[in-house]
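Colleague: Need a 3D model of the following:
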Amino acid sequence: MAQSWYSIVEEEMSRVDDVMRTEVRSAYPELNKMCDETMNSRYHVVRPALCILSYYANGGKDVDTAVNTASCFEAVFEGLHLHDRIDSNGQVSGLKKKMFSKVPSTTKVIVAGDFMYVMGFRQAYGKVPKIVPYLMEASASISDAIFKITDNEHNAQISEQECLDIMRDKSAIEYEILMECAAKQAGADEESLKIMRECGLYIGMALQLEADIEDLFDDKASMETMITGYPTLPIYYSMQDEANGQKIKNLFSKEDLDQKEAVHAVTMIAKTDAVDRCRSMIKEYLGNAVSVIGKLPDSDYKSAIIAFAGNGVM
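Modeller: Here you go, the predicted structure:
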C-alpha cells in the first residue's frame, strides 16, 4: 500500500483525533456527534498534518506540543467552519446538510460551532498558551472575510482583487497562521517564521482555488458558489468572457437561482478559459510553496511538505 504524504507523522495525527474527542466533549450526545462529524472533512487531515510537519521541520522535538497545537487549531477552525453551514438568510444550507447524519436546526449548528471554538481556546490556554494570539489573528481575519463575502453575494461587479482578498482572508489565512505558529512553537527564527507563513499562504490559496473549481465541476458538484452567489475566481474569470460573460453575470446576480439555472451557468463557464486560468494559478502557487520552503534545512518533515505541494496538493 502506498504511503500517504504525511505518513511520517501518522501517529501524531491519530493522537490529534483522540485529543479532540477528549477535549471537545459535552454531556449531550447529539452535540458530541455533530462535533465528531466535522472531522470527516479532508481538510481535517491536511491542516493538522501541515501543522505538525511545520513544527518538526523547524526543529521541534516535543510530541505533546505538536499534537496540542494542531488539535487546538483544528477545533477552532472546525468551529468556525460549522458556522459556514448557515447561509446569509440564517438557514442551514440544503447543500451542506449532507455533512450531518441527522439534519440539525440552525440553533444547533450555531451552538456546536461556538462549542468547538471555545473548547479549542480553552485547550490552548491550558496546554499551549503561546498560540492564543495566533488563534485570535486567524479568527479576526476570517470574521472580516465572512462579512465581505456576505456583502458581495451575487455582486457581478466584484473585482479580481476583491476575490483574491476574500480567498486569502477567509481560507489561506488558516495555513499561513498555523504553519507560522507551529514554527514559532518550535523556536524558529524570524526568517524561518516568514518562510512558513509565505508557504502557508501559497498552499492555502491553491487549496481554495481547487475547492472552488470542484464546487462547479466535480463529479458530485454542488454548484453552491453559483447558487448562493458566493464570489470566487472561477466565476469571476468566466464573467469576463466575451461570448458568455454577460449571461453568466445575469445568472450570478440572480438571488433565487435554481438548480437548473445553475447547471446552465456552469455549462457556459466550462466554455470559457476560467478553469484553465485557475489551474495555472494553482500550479504557480504550489511551485512558489515548494520554492520558498526549500530555504529551510533539509529534513524528512520538510520533504513531506514538499511532497504535498509538489504532487498538486490533493
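
Colleague: looking at the chain, which residue lies furthest from center?
Modeller: Largest separation from the mean C-alpha position in the chain: A243, at 32.8 Å (CA atoms, centre = their mean).

Colleague: May I ask which helix or strand encompasses G187?
Modeller: Here G187, judged by DSSP states H and E, is contained in no helix and no strand.

Colleague: Enumerate every residue touching the residue lying closest to it once chain neighbours are set aside.
Modeller: Ranked by CB to CB, 6 or more residues apart in numbering and with sequence neighbours excluded, the top spatial neighbour of G187 is G59, at 6.4 Å. In this view, the C-beta of every residue, glycine as well, is placed from N, C-alpha and C. By CB atoms under 8 Å, 6 or more residues apart in numbering, G59 lies in contact with A186, G187, A188.

Colleague: residues near R122, how many?
Modeller: The local packing count at R122 equals 14, with neighbours defined by other CB atoms under 10 Å.

Colleague: in what helix or strand does it lie?
Modeller: helix 106-127.

Colleague: What is the subsequent helix or strand relative to that helix?
Modeller: Using DSSP H and E, the helix or strand that follows helix 106-127 towards the C-terminus is helix 132-151.

Colleague: Show the average pLDDT along stretch 16-24.
Modeller: Stretch 16-24 shows an average pLDDT of 88 in the prediction.

Colleague: C-alpha coordinates for it, CSV please?
Modeller: Once side chains and other backbone atoms are set aside, the C-alpha atoms of stretch 16-24 remain, and they are given as CSV (Å, rounded to 0.1, in the frame of the first residue of the first chain):
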residue,chain,number,x,y,z
VAL,A,16,-4.9,14.7,17.3
ASP,A,17,-8.2,13.0,16.8
ASP,A,18,-8.0,11.4,20.2
VAL,A,19,-7.2,14.7,21.9
MET,A,20,-10.1,16.5,20.1
ARG,A,21,-12.5,13.8,21.1
THR,A,22,-11.4,14.2,24.7
GLU,A,23,-11.1,18.0,24.9
VAL,A,24,-14.2,18.8,22.7
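
Colleague: Buried ones in that stretch, by neighbour count?
Modeller: Buried residues in stretch 16-24, counted by 16 or more other CB atoms under 10 Å: V16, D17, V19, M20, E23, V24.

Colleague: Please work out which residues outside it touch it.
Modeller: When contacts are taken as CB under 8 Å, 6+ apart, the neighbours of stretch 16-24 outside the stretch itself are 35-36, 39, 48, 52, 67-68, 70-71, 74-75, 115-116, 119-120, 122-123.

Colleague: can you do 6 Å?
Modeller: Residues from elsewhere that reach stretch 16-24, judged by CB atoms under 6 Å, 6 or more residues apart in numbering: C35, P48, V67, A70, S71, A75, M116, M119, Q123.

Colleague: what's the answer for stretch 198-212, then?
Modeller: Taking contacts as CB under 6 Å, 6+ apart, the residues outside stretch 198-212 that touch it are 167, 171-172, 175-176, 179, 232, 234, 278, 282, 285-286, 288-289, 292-293, 313.

Colleague: Which members of those residues are classed as buried?
Modeller: Looking at those with 16+ other CB under 10 Å, the buried ones turn out to be 167, 171-172, 175-176, 179, 232, 234, 278, 282, 285-286, 288-289, 292-293, 313.

Colleague: Filter those down to the ones in helices?
Modeller: Among the buried ones among the contacts of stretch 198-212, the members found in helices (DSSP state H) are 167, 175-176, 179, 234, 278, 282, 285-286, 288-289, 292-293.

Colleague: if you look at the buried residues of stretch 16-24, which of them are in helices?
Modeller: Among these, the members falling in helices are V16, D17, V19, M20, E23 (criterion: DSSP H).

Colleague: give me the number of residues near the nearest residue in space to K130 that is not next to it in sequence?
Modeller: Nearest in space to K130, with sequence neighbours left out and distances taken as CB to CB, 6+ apart, is Q185 at 6.7 Å. The criterion is other CB under 10 Å. On that basis, Q185 has 22 neighbouring residues.

Colleague: Averaged pLDDT, stretch 146-157. What do you get?
Modeller: Averaged over stretch 146-157, pLDDT sits at 95.

Colleague: What of stretch 225-238?
Modeller: Rounded to a whole number, the mean pLDDT of stretch 225-238 is 96.

Colleague: hang on, the earlier thing: let's have the ones in helices among the buried residues of stretch 16-24 in TSV, adding distance to I142.
Modeller: Output for those, formatted as TSV (distance: CB to CB, whole Å):
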residue	distance to I142
V16	21
D17	23
V19	23
M20	19
E23	21
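
Colleague: out of the residues you listed, which one sits closest to K302?
Modeller: The shortest separation between K302 and any of those is 20.2 Å, and it belongs to V16 (by CB to CB).
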